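1. Need coordinates for the below:
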Amino acid sequence: MLEGKTVNLKALEKEDLQSPIAEWNKNPEFYGEYAPLMEDSQTEMKKLFETTEKKKWFIIEKKDGSKIGIIGHFPKDDCLEIGYVLLPSQRKKGYCTEAVKIIVDFLFLSRDIVRVQAYTDIRNIVSQKVLKKASFHKEGILRKFRFIRGEWRDYAVFSILREEWKEPRIITKTT
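-> Below you'll find the model as predicted:
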């Protein structure tokens, strides 16, 4: 477990695919208007959230143990990319920003990488604020990057480099 000040990141386990992941996937509001509509079977979900050396997912938990979202990292070219989502009721409270800072600390402490990056729909202002608060820099716009809900969407790419990170900011303990 990766421990922060208000949230922890717990490695995704098989039982999490039944609850809460299966429950969250049934709710179109969980992923929000900026994500593709989900219609994955339990088998497809297992494949999506397989924990491997290259791709890893974590459950975001508040300190009281309530599960409020997911965050993960996976290889993208010569760096690592992150992705995250929180329950709608838990957004805009700082939890996601802290989770992003925790995973960035973890990745720079545990891997010989120089860059962590993330993509977000240009209309997803909340996600962009999360990344900026976690010291990511906006690099540019990828035009018509993803086809979601019947239209091509432009995405912004954000990154943080090791020399910008310098030292852990949130992570308090790994177990």
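2. In three-state terms, label the residue at minimal distance from the centre of the chain for me.
-> Most central in the chain under Cα atoms, centre = their mean is Tyr84, positioned 2.2 Å from the mean C-alpha point. Look at Tyr84: counting by DSSP: H, G, I helix; E, B strand; the rest coil, its state is strand.
3. That one reaches His73, doesn't it?
-> No: look at Tyr84 against His73 with Cβ atoms under 8 Å: they stay out of range, at 9.8 Å. Bear in mind the C-beta positions are built from the backbone N, C-alpha and C, glycine included.
4. Quick check: the closest residue to the residue nearest to the centre of the chain other than its chain neighbours vs Val104, distance?
-> In space, and not counting its chain neighbours, Tyr84 is closest to Ile71: 4.0 Å by Cβ to Cβ, 6 or more residues apart in numbering. Counting by Cβ to Cβ, to the nearest Å, the gap from Ile71 to Val104 is 10 Å.
5. still on that earlier bit, can you tell me how far the residue nearest to the centre of the chain is from Gly150?
-> Applying Cβ to Cβ, the value for Tyr84 to Gly150 is 24 Å.
6. Just the pLDDT for the residue of the chain positioned farthest from its centre.
-> Most distant from the centre of the chain: Gly150, at 23.9 Å, with distances by Cα atoms, centre = their mean. Looking at Gly150, its pLDDT stands at 92.
7. just Lys46 next, same as before
-> For Lys46, the predicted pLDDT is 68.
8. So Tyr95 is in contact with Thr6, correct?
-> Yes: if you go by Cβ under 8 Å, Tyr95 and Thr6 touch, sitting 6.5 Å apart.
9. what touches both of those two?
-> Counting by Cβ atoms under 8 Å, 6 or more residues apart in numbering, the contacts common to Tyr95 and Thr6 are Lys62.
10. Just want to know which of those two has more residues nearby.
-> Neighbour totals were compared for Tyr95 and Thr6, and Tyr95 leads with 22 against 13 (other Cβ atoms under 10 Å).
11. Can you tell me the strand partners of the helix or strand where Arg146 lies and which way each runs?
-> Arg146 is part of strand 137-148 when elements are defined by DSSP states H and E. Within its sheet, strand 137-148 is paired with strand 151-161 (antiparallel), according to DSSP bridges.
12. then the partner strand to PDB, C-alphas only?
-> Only the C-alpha atoms of strand 151-161 are listed here, as PDB (Å, rounded to 0.1, in the frame of the first residue of the first chain):
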ATOM      1  CA  GLU A 151     -17.300  12.400 -32.000                       C
ATOM      2  CA  TRP A 152     -13.600  13.000 -32.400                       C
ATOM      3  CA  ARG A 153     -12.100  14.700 -29.300                       C
ATOM      4  CA  ASP A 154      -9.000  16.800 -28.900                       C
ATOM      5  CA  TYR A 155      -6.800  15.900 -26.000                       C
ATOM      6  CA  ALA A 156      -4.200  17.700 -24.000                       C
ATOM      7  CA  VAL A 157      -0.900  16.000 -23.100                       C
ATOM      8  CA  PHE A 158       0.700  16.800 -19.700                       C
ATOM      9  CA  SER A 159       4.000  15.600 -18.200                       C
ATOM     10  CA  ILE A 160       6.300  15.800 -15.300                       C
ATOM     11  CA  LEU A 161      10.000  15.200 -15.700                       C
END
